[in-house]
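**Student:** What would the 3D arrangement of this be:
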Amino acid sequence: MTNKIFMILAFAGVPISVIGSLLHWPSTLMFVLYCITIIALASYMGRATESLAIVAGPRIGGLLNATFGNAVELIISIFALKAGLIEVVLASLTGSVLGNLLLVAGLSFFVGGIKFKRQKFNVFDARHNSGLLMFAIIVAFVIPEVFSISMNETKTLSLSVGIAIILIALYLAALFFKLVTHRGVYQPGNEGESHDEEEPEWGKNKALFILAISTIAVAYVSENLVHTFETVAKSFGWTELFIGVIIVAIVGNAAEHASAIIMAYKNKMDIAVEIAVGSTLQVAMFVAPVLVLVSLFFPVSMSLVFSLPELIAMASAVLLMIILSNDGETNWFEGLTLLAAYFIMGIGFYLL
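**Tutor:** As a prediction, this is how the structure comes out:
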């Protein structure tokens, strides 16, 4: 039933979006329409990557889901950079970190925990990811903020470019470590039990085709969505910070939001955690650095300098996630704790 609703929304939303943009319908109406269309398209991306996950296994499946989920946000952010909306882009990166670590992981732990009293996942992956989270958020994001106090804009941008290159290199090394040199070394005993029995919804070629088409459609809708931000912000009294942290982050990450929760409900916590934490690492160590480098080709360049509330919120989310996930087990109360932290931060960003 849900799939049929998303199918109708996707197939109706794309042509209506085209018509509305050509006829210059009200920005507020188009903002809502674009968001719904992107979420519907993201559901197809989620289903396609879920099919690929069954074939490829939890690690590669989770990586694919995070990659194509973040592709939506990357596309939105590039068009926002082109429009000079640097604050929205930085806020959306913050929102992705908070959304994945607190909202996605929180909902996954909560929904899965209601059905199963205890859910286990690969504790070695959890500890490996903890170190990367500490490095990516607390080291790589805090350092530019601290050093920028004593630097001019040119030097701050140079520092950000240097950090961006290092982050991308380390992210690629982390993938090589997990998927090549240490593949299977830290494998949990129960991994793969259910993947052999489950049939993918779509075949490999069909899933890849749907991913490609959905990504192209999302790119078109995203470009139009960015142009509505200013008008919508004035209409609802929202700040660019709130739009980036909450609205863009939720819409841009809709695919992995749904997939992680579904996987947790099926007790496939390795995939659910890989999506939530893996997506965060990808945002911090790949998407953000790529945006810094891409911004060099636009009139206004972006430095990796976040506001103090953004930095404290991200660091708090990382520390809370590490504390709750380092034992390799979870339950519904831990999920509720993560959700509570997300809503507290959401209220704060709304009132700023």
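**Student:** what about the closest residue to Leu296 other than its chain neighbours, how many neighbours?
**Tutor:** Nearest non-adjacent residue to Leu296, counting by C-beta to C-beta, 6 or more residues apart in numbering: Val161, 7.4 Å away. Every residue, glycine included, has its C-beta placed from N, CA and C. If you count neighbours by other C-beta atoms under 10 Å, Val161 ends up with 18.
**Student:** Show me what the helix or strand hosting Val161 is packed up against.
**Tutor:** Val161 belongs to helix 153-176 when assigned by DSSP states H and E. The contact analysis (3 or more C-beta pairs under 8 Å, 6 or more residues apart in numbering; DSSP states H and E) places helix 153-176 against helix 142-148, helix 269-282, helix 288-295.
**Student:** contact partners of it?
**Tutor:** Contacting residues not belonging to helix 153-176 are listed as 63, 132, 135-136, 140, 143-144, 147-148, 151, 281-282, 284-286, 288-290, 292-293, 296, 301-305 [C-beta atoms under 8 Å, 6 or more residues apart in numbering].
**Student:** separation between the residue nearest to Ser303 when sequence neighbours are not counted and Phe286?
**Tutor:** Nearest-residue entry for Ser303: Ser160, 4.2 Å, with adjacent residues in sequence omitted and distances by C-beta to C-beta, 6+ apart. As judged by C-beta to C-beta, to the nearest Å, Ser160 and Phe286 stand 15 Å apart.
**Student:** Report the separation between Ser108 and Ile261.
**Tutor:** Where Ile261 is concerned, Ser108 sits at a distance of 5 Å (C-beta to C-beta).
**Student:** Ala315 now?
**Tutor:** 25 Å.
**Student:** Comparing the two, which residue is more hemmed in?
**Tutor:** With neighbours defined as other C-beta under 10 Å, Ala315 and Ile261 compare such that Ile261 has more, 21 against 17.
**Student:** how would you label the more buried one: helix, strand or coil?
**Tutor:** helix (DSSP: H, G, I helix; E, B strand; the rest coil).
**Student:** got a list of what it touches?
**Tutor:** By C-beta under 8 Å, 6+ apart, the contact list for Ile261 reads Val104, Leu107, Ser108, Val111, Ala272.
**Student:** go on, Ala80?
**Tutor:** Taking C-beta under 8 Å, 6+ apart as the test, what Ala80 contacts is Val88, Val89, Ser92, Val226, Phe229, Val248.
**Student:** would you turn those into JSON lines with distance to Trp238 and secondary structure?
**Tutor:** Shown next, in JSON lines, are the contacts of Ala80 (distance: C-beta to C-beta, whole Å; DSSP: H, G, I helix; E, B strand; the rest coil):
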{"residue": "Val88", "distance to Trp238": "11", "secondary structure": "helix"}
{"residue": "Val89", "distance to Trp238": "16", "secondary structure": "helix"}
{"residue": "Ser92", "distance to Trp238": "13", "secondary structure": "helix"}
{"residue": "Val226", "distance to Trp238": "15", "secondary structure": "helix"}
{"residue": "Phe229", "distance to Trp238": "9", "secondary structure": "helix"}
{"residue": "Val248", "distance to Trp238": "11", "secondary structure": "helix"}
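**Student:** among those residues, which ones are buried?
**Tutor:** Burial by neighbour count, 16 or more other C-beta atoms under 10 Å: within the contacts of Ala80 this picks out Val88, Val89, Ser92, Val226, Phe229, Val248.
**Student:** Distance to Glu310 and pLDDT added to these, as a markdown table?
**Tutor:** Formatted as a markdown table, the buried ones among the contacts of Ala80 follow (distance: C-beta to C-beta, whole Å; pLDDT from 0 to 100):
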| residue | distance to Glu310 | pLDDT |
| --- | --- | --- |
| Val88 | 12 | 84 |
| Val89 | 12 | 88 |
| Ser92 | 11 | 85 |
| Val226 | 20 | 76 |
| Phe229 | 18 | 80 |
| Val248 | 14 | 75 |
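**Student:** Please tell me how far Ser279 sits from Ile76.
**Tutor:** Counting by C-beta to C-beta - Ser279 and Ile76 are separated by 15 Å.
**Student:** What segments of the stretch 51-200 of the chain are helices?
**Tutor:** All helices of the stretch 51-200 of the chain, identified by DSSP state H, counting those that start in this stretch, fall at 58-82, 86-98, 105-115, 123-133, 142-148, 153-176.
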